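Undergrad: Quick one: sequence and predicted model below, then my questions.
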Amino acid sequence: MHTEQEIFERVRQVLVELFELSPDSIVLDAHLYTDLDIDSLDAIDLILELKQITGRKVQPEQFRHVRTVRDVVVAVRELMQNETAA
Amino acid sequence: METRFRNRLDRGSRRFGTGLSFVTFGLGGTLLSLTLFPFLRLISPNRAEAQRRIGAAMRRSMGRFIWFMKSLGLLTYELHGLERLERPGQLIVANHPTLIDVVFMVWLTPDACCVVKRALWHNPALRWPVIWAGYIPNSEGAQLVEDCARILKSGRSLLVFPEGTRSIPGQPLSLKRGAAQVALASGADVLPVTIVCDVPFLTKGSRWYRVPARRPHFTITVGQAIAAQRYAPAGEANSIAARHLTAKLATHFSRGIEAVMRVPPGATLTNPPEVQSASL
């Protein structure tokens, strides 16, 4: 129901709105901490926002290994799959 | 020729003085941690009162240390707007060009708690002073912001160096947003303090014995308080407000540094432009 592309566009939109990033800078391989200047407090805001979007409980542990935009997209997709499975 | 000799002599004596200052600081800090600080804890009814007294003793010691360095001819300084530091419960943020910025700031600020480098808890000379004074180790994350906000709400001022470490000479300042987050979370006013040292002195990555060609002059300017809440209009995400406030601080610091550096103290129009390598 959600293609990878759709999830990516949504994640991009969230990043632009939350952190005033230029949409062009958000590519799948962009590194959150080094390329996009997102710090640990921003990461908390990001996780809260993703919780809203997916409507699922998000455990911070699920995002511990997230480093790049691609990792975020994968994590969101997994969350959504769990949703349909549940 | 004679001037050159005098310069070299001056430089040599400042190198010796700098070494002496390091040793004095380390020994003094250790000694106070073993004598005065525990004594103050013993005679205080509770921990908060002990920290207040230890903080005051620390403040005096730092003042004496600056006086010591000044007397050895290692530095000169000028201070502006100090009265603004007196108001309690402010978030005091300073840029961080040299190793001794925190010494100046602790001396100049009444009743302040400091966020200092986590590594100091592993430094043999500084470990006990920072523990006795109840300073906060810097770290990433929400817990630090909460701890800092609580201190501000209790009415103590909090001193933070938003760069997180000393500035890299010749590069634009890079501020972390934690300080802005603390301001937004606590509602405290932000008081920016611009520290300028006119020559590279005890900078990040430099060896202490590489003393500058001439005596460094510090200009410390306390700016006007910034109401952090102005940066958090209703409905705006915290992440955005923190970015705007941090950008404001970065501009404040870089303008302040520029303004001081444009007119080097003691320089007159007849002086030739500063050529450091000439005296090497």
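TA: Thanks, I have the structure now.
Undergrad: ok, B:G89 - how many residues close by?
TA: 17 (other CB atoms under 10 Å in any protein chain shown). Using the backbone N, CA and C atoms, a C-beta is placed for each residue, glycine as well.
Undergrad: ok, it touching B:G155?
TA: Yes. Assessed by CB atoms under 8 Å, B:G89 is found in contact with B:G155 at 4.8 Å.
Undergrad: measure A:Q59 to A:L41 for me?
TA: Distance check for A:Q59 against A:L41: by CB to CB, to the nearest Å, it reads 18 Å.
Undergrad: Give me the more crowded residue out of those two.
TA: Per other CB under 10 Å, whichever of A:Q59 and A:L41 has more neighbours is A:L41, with 22 against 11.
Undergrad: Skipping adjacent residues, who's closest to that one in space?
TA: For A:L41, ignoring the flanking residues on the chain, the nearest one in space by CB to CB, 6 or more residues apart in numbering or on different chains is B:Q181 at 5.4 Å.
Undergrad: do the same with B:H252
TA: Nearest non-adjacent residue to B:H252, counting by CB to CB, 6+ apart: B:P192, 5.0 Å away.
Undergrad: hang on, isn't the one you found packed against B:I220?
TA: No. The criterion here is CB under 8 Å, and B:P192 misses it with B:I220 at 11.5 Å.
Undergrad: neighbours of B:R262, just the number please.
TA: 7.
Undergrad: quick one, helices of chain A?
TA: Counting by DSSP state H, chain A has helices at residues A:4-19, A:40-54, A:69-85.
Undergrad: From the contact counts, what lies against the second one?
TA: Right, helix A:40-54. helix A:4-19, helix A:69-85, helix B:142-153, helix B:238-262 (3 or more CB pairs under 8 Å, 6 or more residues apart in numbering or on different chains; DSSP states H and E).
Undergrad: Next to chain A, which bits of the stretch 51-200 of chain B? Give me the list.
TA: Within the stretch 51-200 of chain B, the residues that sit near chain A (CB under 8 Å from any CB of the partner chain) are B:140-142, B:145, B:176-178, B:181.
Undergrad: So the one residue sitting closest to the centre of chain A versus A:V11, what's the distance?
TA: Centrality entry for chain A: nearest residue to the mean C-alpha point is A:V72, 3.8 Å, by CA atoms, centre = their mean. The spacing between A:V72 and A:V11, counted by CB to CB, is 5 Å.
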